[in-house]
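1. please find the sequence and the predicted model below.
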Amino acid sequence: MFRPLKNLLRSARRRLRKENTAAGVSGASRFWIGLTVAFAILFASFLFPPERMFAPPSMPQVGEIAAEDIIAPFDFPVYKTEEEMEFERLEAISSLSAVLEYDAGKVDSVFKAVDGLFHLADSLTAKGNPPQAAAEKLRLFFPEIKEKTLRVILEHDSLAQSKQIIRSSLQDRYIVGVAATDTTVPPRFQTVQVERPTRTSSFAADQVHGLEDAKRRLREDIEIQAGGESKTYIDALYSIAQTFLGVNLTFSQEKTTKRRAEAIGSISDEKMWFHAGQRLIAKNERVTETHLEWMRALMEHRAQTGTEAGTLQFLLPFVARIMFMSFIFLSFLLAYYHMNGREQFRLIRVIPLLLIMLLTVVSGYIITEQADLSKFLVPVATGIILTVILFNLRTAILATVAEALLFGVLYEFNFEFTFLVVIVGLTAAFSMRTVKRRSDFYSGALYLAIAYALSAYIFEALSFSDTNVILRQCGYGVANAAASSFIAMAILPLFESLFAFTTNITLLELSDMNHPLLKRLALESPGTYHHSLVIGTLTENAAEAIGANSLLARIGAYYHDVGKMEISEYFVENQFGVKSKHEELAPSMSAIVIKSHITRGRELAEEYDLPDAIIDFIEEHHGTSLMSYFYNKAKELHPDEEVSEAEYRYPGPKPQSKETAILMIADSVEAASRTLEDPKASRIRSLVRRLINDKVQSGQLSESNLTLKDLQGIEDAFVKVLIGVFHSRIEYPKKEEEESTPV
């Protein structure tokens with residue numbers, strides 16, 4: 001499943017190796033580096049909110065004492081936060097009243113009907129009609145009222161009293177009005193507004209009653225007003241009154257929604273206004289979160305007003321931000337170029353370097369701007385750890401300074417955070433500079449935790465923060481230290497694979513003799529395997545003597561001849577006294593066979609995913625040296641023909657580093673030392689010096705940056721190791737001599 005992906009990755013890495021052989025020389029390479037840097041500058045400039053660009057360089061922080069008065073340069077509003085707006089909206093909604101429409105015409109018709117009933121009753125009684133006859137006639141006009149009920153009212157002493165009780169009770173019910181049910185008003189409303197044709201009245205929501213509840217209350221009113229009258233009389237009054245009682249209130253959803261929208265719309269998003277010349281923060285005043293809110297409102301207003309203040313004045317903060325970012329990135333890359341050399345200033349090295357810095361900036365943006373968490377949680381140390389492991393200590397120190405300046409600018413020239421980045425970055429760089437195994441991350445995390453905790457304590461104590469705040473910030477720092485180390489450990493393999501880095505951790509993993517490729521070499525080509533181990537000892541000691549990467553030199557030596565194992569019988573260290581197969585081959589064919597171990601070695605290295613630094617040892621350990629034995633043999637066999645040297649030279653390239661150059665010399669020294677009959681120290685030194693001079697004179701070391709002092713150190717290291725290999729032994733007496741020797 002992953003095979004095509006791995007092949008694609010190998011192909012991309014091979015292409016990058018070819019394109020970056022001439023480090024930074026080509027115009028195309030310079031173009032892509034420039035484009036990458038420009039992207040990094042613009043990305044860092046515009047990642048944080050634009051209003052931050054309008055912050056003054058002396059932007060105070062919470063808890064600090066203002067060094068001077070800060071005066072508003074122009075009129076500007078302070079807007080409410082979204083939380084404050086939402087709170088006011090909820091308050092406005094909760095205080096809204098439901099709108100009920102009052103049908104006054106229906107109420108008027110009720111009282112007209114009551115008046116009509118009693119006016120007719122008076123007329124019938126005045127004409128001398130007995131109660132029974134009057135009741136029968138009244139029922140013709142009011143059939144909904146029972147005749148028995150009408151007779152009880154007519155037999156009573158006073159029709160005027162009955163009329164008054166019924167009207168008064170109905171009037172009490174219609175003061176607010178009668179709804180169809182008790183749930184006519186939605187339960188979320190605490191008050192209601194009853195809209196009449198001439199006025200609007202407000203009532204509590206529980207004062208609005210449904211028809212059934214209104215009837216119950218109507219009877220209570222009649223019982224109170226009727227006083228000591230008989231139950232029959234009271235029942236008759238209630239029966240007539242409830243006949244006329246009807247619904248006259250309806251809930252208006254449309255008007256209620258409209259008023260809700262008007263209430264929300266009337267809420268102003270402005271909390272307060274500052275006028276030009278008004279003081280925001282007084283000198284010697286402790287800065288609070290409210291002060292910073294005012295300062296942010298000032299910046300936001302300036303950013304929003306745009307060209308109203310003039311195009312140049314509006315664009316100036318953006319130009320200033322880009323100029324600051326350009327200065328930081330370009331200074332950093334220029335220093336990296338001069339400190340690490342031209343051969344390291346390549347696209348494949350610039351991209352990961354800038355990527356690490358931008359990922360750190362993005363993490364700071366997410367943590368502080370999006371999540372609104374403490375700056376002590378920004379994983380600055382992660383980027384520095386990756387830099388020191390993938391590059392070197394000098395580059396990590398440069399990156400620390402660059403990131404400190406970067407965050408200082410992005411956080412309104414916050415010196416406190418800048419200083420924190422310097423402390424944490426330098427601690428990470430020095431504590432992780434010699435990581436050779438995964439467990440080294442834990443000791444580095446411990447130093448980082450101490451640095452974070454002390455920094456948090458000092459900064460917060462100087463700000464007179466509360467003890468709980470100090471402890472919380474220290475806890476954030478310790479958590480950040482642990483997280484930074486684990487994050488760096490997790491993503492380190494990605495950078496190693498994508499950008500062809502070879503770290504000490506990778507080299508130590510490759511030093512395992514159970515590596516599949518080394519196991520094959522030991523089984524298929526034992527002579528070459530032993531030769532590689534001896535070469536590894538030579539190169540490691542020589543590299544250590546001149547300050548080169550001794551671990552890389554040793555591991556590169558282990559794998560430099562893996563291309564021989566499939567044709568091991570063609571190489572002298574694997575022939576073990578048998579007749580050489582080259583005696584049956586033409587010199588030109590022998591040269592092709594010998595050279596093939598370079599090509600095949602590279603193919604095997606790629607197949608087993610060896611890093612590029614190891615592949616360099618395979619390709620460069622012979623450089624473009626001449627295979628003099630076969631070349632001279634060809635000249636002897638064909639004295640009359642011109643033999644081309646190119647056919648008898650290794651494909652190269654020449655050694656490009658000190659480590660591969662040491663391997664080239666060690667390869668020749670080890671092979672030649674086995675031919676010494678009397679390996680005395682003087683003879684060994686003479687041999688080593690001669691072979692080194694041969695490599696220098698043939699120009700094979702011209703691209704390796706080795707100095708004369710380095711060559712002397714290499715010579716001394718080789719001689720020391722070879723003397724140990726060829727040390728003289730005590731000649732023990734034979735068995736017969738031992739037996740004849742007296743005790």
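-> That came through, no problem.
2. and the helices in the stretch 301-450 of the chain, which stretches?
-> Along the stretch 301-450 of the chain, the segments classed as helices by DSSP state H, counting those that start in this stretch run 311-340, 347-364, 380-390, 393-410, 415-431, 440-462.
3. sorry, that was for the stretch 451-600 of the chain
-> 467-498, 504-510, 516-524, 526-546, 550-559, 587-607.
4. what packs against the second one?
-> When you say that, I think you mean helix 504-510. Contacts defined by 3 or more Cβ pairs under 8 Å, 6 or more residues apart in numbering; DSSP states H and E place helix 504-510 against helix 550-559. Quick note: C-beta positions are derived from backbone N, CA and C, even for glycine.
5. what does the helix it packs on contact?
-> Here helix 550-559 makes contact (Cβ atoms under 8 Å, 6 or more residues apart in numbering) with 436, 502, 504, 507-508, 510-511, 517-518, 532-533, 535-544, 601, 605, 610, 613-614, 616-618, 659-660, 662-663, 666.
6. can you dump the C-alpha coordinates of it into PDB?
-> The C-alpha trace of helix 550-559 is given here as PDB (Å, rounded to 0.1, in the frame of the first residue of the first chain):
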ATOM      1  CA  SER A 550      32.600  11.100  14.300                       C
ATOM      2  CA  LEU A 551      29.300   9.200  14.600                       C
ATOM      3  CA  LEU A 552      28.400  10.000  11.000                       C
ATOM      4  CA  ALA A 553      31.900   9.000   9.800                       C
ATOM      5  CA  ARG A 554      31.700   5.600  11.500                       C
ATOM      6  CA  ILE A 555      28.200   4.800  10.300                       C
ATOM      7  CA  GLY A 556      29.000   6.000   6.800                       C
ATOM      8  CA  ALA A 557      32.000   3.600   6.800                       C
ATOM      9  CA  TYR A 558      29.800   0.700   7.800                       C
ATOM     10  CA  TYR A 559      27.600   1.100   4.700                       C
END
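7. if we can go back for a sec, let's have the helices of the stretch 451-600 of the chain in CSV, adding mean pLDDT and mean neighbour count.
-> What follows is these, written out as CSV (pLDDT from 0 to 100; neighbours: other Cβ atoms under 10 Å):
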stretch, mean pLDDT, mean neighbour count
helix 467-498, 89, 18
helix 504-510, 85, 18
helix 516-524, 92, 16
helix 526-546, 93, 22
helix 550-559, 94, 26
helix 587-607, 90, 18
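8. how about those helices, which one is nearest residue 374?
-> Checking the helices of the stretch 451-600 of the chain against residue 374 by Cβ to Cβ gives helix 467-498 as the closest, at 4.9 Å.
9. counting by contacts, list what the closest one packs against.
-> Here helix 467-498 is seen to pack against helix 380-390, helix 440-462 when contacts are counted using 3+ Cβ pairs under 8 Å, 6+ apart.
10. give me the angle between the first one and helix 415-431.
-> Translated: helix 380-390. For helix 380-390 against helix 415-431, the angle by axes from the mean of the first three to the mean of the last three Cα atoms, to 10 degrees is 30 degrees.
11. what's the angle between helix 380-390 and helix 393-410?
-> Relative orientation of helix 380-390 and helix 393-410, computed by the same axes, to 10 degrees: 150 degrees.
12. and residue 525, what does it touch?
-> Going by Cβ under 8 Å, 6+ apart, residue 525 touches 561, 564-565, 568, 571, 574.
13. could you check how far it is from residue 569?
-> Counting by Cβ to Cβ, to the nearest Å, the gap from residue 525 to residue 569 is 9 Å.
14. for residue 647, same thing?
-> Counting by Cβ to Cβ - residue 647 and residue 569 are separated by 22 Å.
15. turn the helices of the stretch 451-600 of the chain into JSON lines, columns for distance to residue 48.
-> Output for the helices of the stretch 451-600 of the chain, formatted as JSON lines (distance: least, Cβ to Cβ, whole Å):
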{"stretch": "helix 467-498", "distance to residue 48": "20"}
{"stretch": "helix 504-510", "distance to residue 48": "35"}
{"stretch": "helix 516-524", "distance to residue 48": "49"}
{"stretch": "helix 526-546", "distance to residue 48": "46"}
{"stretch": "helix 550-559", "distance to residue 48": "40"}
{"stretch": "helix 587-607", "distance to residue 48": "43"}
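16. to residue 103, which of these lies closest?
-> Per Cβ to Cβ, nearest to residue 103 of the helices of the stretch 451-600 of the chain: helix 467-498, 63.4 Å.
17. kindly calculate the angle that the closest one makes with helix 347-364.
-> Put simply, helix 467-498 runs at 150 degrees to helix 347-364, going by the same axes, to 10 degrees.
18. low-confidence stretches in the stretch 301-450 of the chain?
-> Across the stretch 301-450 of the chain, the ranges flagged by pLDDT under 70 are 302-314, 438.
19. likewise for the stretch 601-743 of the chain?
-> Residues of the stretch 601-743 of the chain meeting the criterion pLDDT under 70: 727-743.
20. try it again at 90.
-> Of all residues in the stretch 601-743 of the chain, those with pLDDT under 90 make up the ranges 606-613, 627-647, 652, 670-684, 704-705, 722-743.
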